[in-house]
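1. Sequence and predicted structure are below.
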Amino acid sequence: LVETAEDFGDPYTAMMRDVGDLAKQGLAGKAQARQVLADMEKLGITPNEDTFVAYMHVLIKAAKHRMGGANDGEEVLKMMEARALSIPDNMYTLLVTYLSRVAPFRAAVTFQRGLNVLALMKDRGVKPNLYFYSSLVSLAAKTAEEPPPPATRFLQGLGVIEGMRKAGVQPDVVCYNALLAAAVRCPATSLDDGYWIMDEMGHVPVRPD
């Protein structure tokens with residue numbers, strides 16, 4: 001008989017969330033989250049989907065303090081798949097959010113990796129939502145330029161905006177603010193690009209911050 005986290009009222013997922021609270025303060029990260037998993041499996045308890053969602057939140061919060069590796073997010077999905085757990089739809093958004101958080105200090109994190117997550121979602125029949133696209137635009141704004149050809153942060157972010165529109169998802173103020181951030185960080189853009197973004201915002205029910 002294989003026991004799961006649910007059989008124990010899921011105290012370990014609660015413990016993982018406690019680790020997340022510490023990570024928010026920069027006092028914990030991947031090592032502490034992995035220890036919770038190790039303690040569970042040492043007792044013969046199988047982590048569930050909620051446990052790994054909480055794990056990913058630990059990584060995201062720790063990344064604000066420049067803690068985390070370039071591949072830590074993808075490793076969470078691999079761990080779930082190794083345990084034959086289903087991947088919740090929101091996990092893909094959390095993964096891209098993590099990538100956007102570590103991109104400023106992990107050069108190995110590229111915009112293409114975010115696009116790879118999008119392709120994986122489509123292969124699995126998962127429809128990206130507004131939160132996913134917002135995270136993807138944010139990733140475009142924070143990753144390094146990727147030649148060849150010259151792919152600017154701004155054009156990458158703009159491509160996401162156009163893609164979400166085609167998918168029937170209306171960009172919101174978070175998306176446009178991320179696109180503005182991409183324009184600011186890209187030397188190839190001009191003040192006119194910023195004004196163009198503001199003009200675009202005026203054509204949709206979005207009020208600039």
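-> Great, that's in hand. Numbering: from 1, shown residues only.
2. From I197, how far off is H203?
-> Noted for H203: a distance of 11 Å to I197, by CB to CB, to the nearest Å. The way it works is simple: take the backbone N, C-alpha and C, and place the C-beta from them, glycine included.
3. What of T143?
-> 19 Å.
4. From V137, how far out is the nearest residue to N129 once chain neighbours are set aside?
-> Spatial nearest neighbour of N129, excluding adjacent residues (CB to CB, 6 or more residues apart in numbering): V169 at 6.8 Å. Note on V169: its distance to V137, by CB to CB, is 12 Å.
5. So between the two, which is more surrounded?
-> V137 (31 against 19; other CB atoms under 10 Å).
6. Could you check the pLDDT of that one?
-> On pLDDT, V137 comes in at 93.
7. in what helix or strand does it lie?
-> Per DSSP states H and E, V137 falls inside helix 130-142.
8. Likewise for E74?
-> Here E74 is assigned to helix 72-82, by DSSP H and E.
9. Just the CA trace of that helix, in PDB.
-> Output of helix 72-82 as PDB, limited to C-alpha atoms (Å, rounded to 0.1, in the frame of the first residue of the first chain):
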ATOM      1  CA  ASP A  72      15.300  24.300 -11.100                       C
ATOM      2  CA  GLY A  73      11.800  25.100 -12.400                       C
ATOM      3  CA  GLU A  74      11.900  22.400 -15.100                       C
ATOM      4  CA  GLU A  75      13.200  19.900 -12.600                       C
ATOM      5  CA  VAL A  76      10.000  20.200 -10.600                       C
ATOM      6  CA  LEU A  77       8.000  19.000 -13.600                       C
ATOM      7  CA  LYS A  78      10.400  16.200 -14.200                       C
ATOM      8  CA  MET A  79      10.000  15.100 -10.500                       C
ATOM      9  CA  MET A  80       6.300  15.100 -10.900                       C
ATOM     10  CA  GLU A  81       6.400  13.100 -14.100                       C
ATOM     11  CA  ALA A  82       8.800  10.600 -12.500                       C
END
